[in-house]
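I need the structure of the sequence given here:
(chains A, B, C and D)
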2 protein chains.
Amino acid sequence: MTEQTSPYHHGNLRAALLAEAEAMIAEGGAGSVTMREIGRRVGVSRAAPYRHFADKNSLLVAVAAIGFERLRDRLRSSGAAASRSGVERFRRMGQEYVRFAIDNPAHYRLMYGKEALARIDRPELREVANSLFDQLVEVFRAHQREGGVKRQDPRTQAYVAWSAVHGLASLVIEGQILTHVDVDALIKQTTQTLLDGMRPRPRGSPKRPKA
Amino acid sequence: MTEQTSPYHHGNLRAALLAEAEAMIAEGGAGSVTMREIGRRVGVSRAAPYRHFADKNSLLVAVAAIGFERLRDRLRSSGAAASRSGVERFRRMGQEYVRFAIDNPAHYRLMYGKEALARIDRPELREVANSLFDQLVEVFRAHQREGGVKRQDPRTQAYVAWSAVHGLASLVIEGQILTHVDVDALIKQTTQTLLDGMRPRPRGSPKRPKA
DNA sequence: CGCACCGTGTTGATCTCGTCAACATCCTTG
DNA sequence: CAAGGATGTTGACGAGATCAACACGGTGCG
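You can find the predicted model right below:
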């Protein structure tokens, strides 16, 4: 396996390209990714990548899809590892979600940036993103059974929660939140607000407090 | 003023460039913007834009800044026009915020996409974005006085709310939310959840319901 | 065993871009 | 009216995305 004599055929170019692309994204953002440079780094010619990806966009879509899978798995394991309490589990997942974005800002941006990935609808992406969402829905369904949240369409709840964590993650990695702010506290505040806002009303629900 | 003889000097190129750039962004996204094409459309040479913007990125930053101003003003007037009730005002603003993004997806994306705007920190952008945020903080401050929301750092509340609406807007324009979903309902659900989650506890606050 | 074929790589060539440099126009001001 | 600055123009570069034609190597068939 020790191909020191640079064999004509790489052996596993596709995987190498994906890995290199991911590395470049982490280093300089998706904008710094170049088919030529990727080839250079992997040690192949500029056109070689085209044997594995129709075009640059396809390569980026593949990288983005990998990101979704990774995020999904990370949330899955963090959810499973959390204590039994649905609340705690929810909190934990929210935290992991934002952490993932902070740990991989450029990759995260790519995952959600339609701009970077041309405007075509890529079924592959939609699919893996949906599997992430479905996981969230499941959490709410379970949480409803525990009585922790209001009984209503869990998908709506999932969308609201997803919006909140994705929004926070996005604002943080785009530098919109002042640096001196305690992000962890903000995450907690966000998940807590969501939970409180979705908590079932004891009985007669006074829509307005008073004013 | 009817310069039919294509005068050597355009007269107001800078403004024309900004307008054209914005139009191109609306049409094909920020990625479709090209210095050469902008010049072409406006009727000047490819290098002319460089007399008004140091580089492409500067032009885009200027367009993004305009977007923030517009969004800020839109929120301002929608807030002012709303009924006196802080709750209603808040709801209205959230709705306007998401609507703005839906009405100008590519522009909105540009505003928040560090990727599209190189990674440099542009003070101009930060400033106008902050003025938007400050406005939100004010709303919470006022709402606290009315007793509509918990008394705590209003900036934290503003961040949480901003995250939620920005996240929702982002997911919608990136196509992450299934098309058949009622976005307006989702907006309402989001603002309501936030309000409920931030409502002051009557008295002894039972952190956990029971389980 | 020898060869046609397919999957992979390679180099050459084309087209679009961003941007800089040198030069042309105008307008304003002294 | 001439100097100077602002605003435009064309020519030239170098980087990139791709496509086309051609080279390598391993495989399966006769």
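
Name the nearest residue to A:Thr156, ignoring sequence neighbours.
In space, and not counting its chain neighbours, A:Thr156 is closest to B:Gln189: 5.6 Å by CB to CB, 6 or more residues apart in numbering or on different chains. Just so you know, the C-beta spots here come from the backbone N, C-alpha and C atoms, and that holds for glycine as well.

backbone phi and psi for that neighbour, please?
phi -60, psi -40 (degrees, to the nearest 10).

longest single helix anywhere in chain A?
The residue-count maximum for a helix in chain A (DSSP state H) belongs to helix A:56-81.

is stretch A:57-75 up against DNA strand D anywhere?
Yes: remark: stretch A:57-75 sits within contact range of DNA strand D at A:Asn57, by CB under 7 Å from any atom of the strand.

hang on, the earlier thing: got the contact list for the residue nearest to A:Thr156?
A:156, A:159-160 (CB atoms under 8 Å, 6 or more residues apart in numbering or on different chains).

For it, report the pLDDT, please.
At B:Gln189, the model reports a pLDDT of 97.

A:Lys207 too?
50.

The helix or strand harbouring A:Ala15 close to DNA strand C?
According to DSSP states H and E, A:Ala15 maps onto helix A:13-28. Yes: Helix A:13-28 is in contact with DNA strand C by CB under 7 Å from any atom of the strand, via A:Leu13.

end to end, how far does stretch A:23-35 reach?
Stretch A:23-35 has its terminal residues 13 Å apart, counting by CA to CA, to the nearest Å.

Could you list the buried residues of it?
By neighbour count with 16 or more other CB atoms under 10 Å in any protein chain shown, stretch A:23-35 contains the buried residues A:24-25, A:29-31, A:33, A:35.

From A:Ala16, how far out is A:Leu125?
22 Å (CB to CB, to the nearest Å).

Of the two, which one has the most company?
Neighbours were counted for A:Leu125 and for A:Ala16 using other CB atoms under 10 Å in any protein chain shown; A:Leu125 has more, 22 against 18.

model confidence over the helix or strand where that one lies, on average?
Per DSSP H and E: A:Leu125 is located in helix A:123-146. Helix A:123-146 carries an average pLDDT of 93.

Follow the chain on from that helix and name the next helix or strand.
Past helix A:123-146, the next helix or strand by DSSP H and E is helix A:154-173.

A:Gly175: what secondary structure?
Judged by DSSP: H, G, I helix; E, B strand; the rest coil, the three-state class of A:Gly175 is coil.

pretty sure it is touching B:Asp121, no?
Yes: between A:Gly175 and B:Asp121 there is a contact at 6.9 Å, judged by CB atoms under 8 Å.

Where does chain A get nearest to chain B, which residue?
A:Gly167 (2.4 Å; CB to the nearest CB).

hang on, isn't that residue packed against B:Val160?
No: the criterion here is CB under 8 Å, and A:Gly167 misses it with B:Val160 at 9.2 Å.
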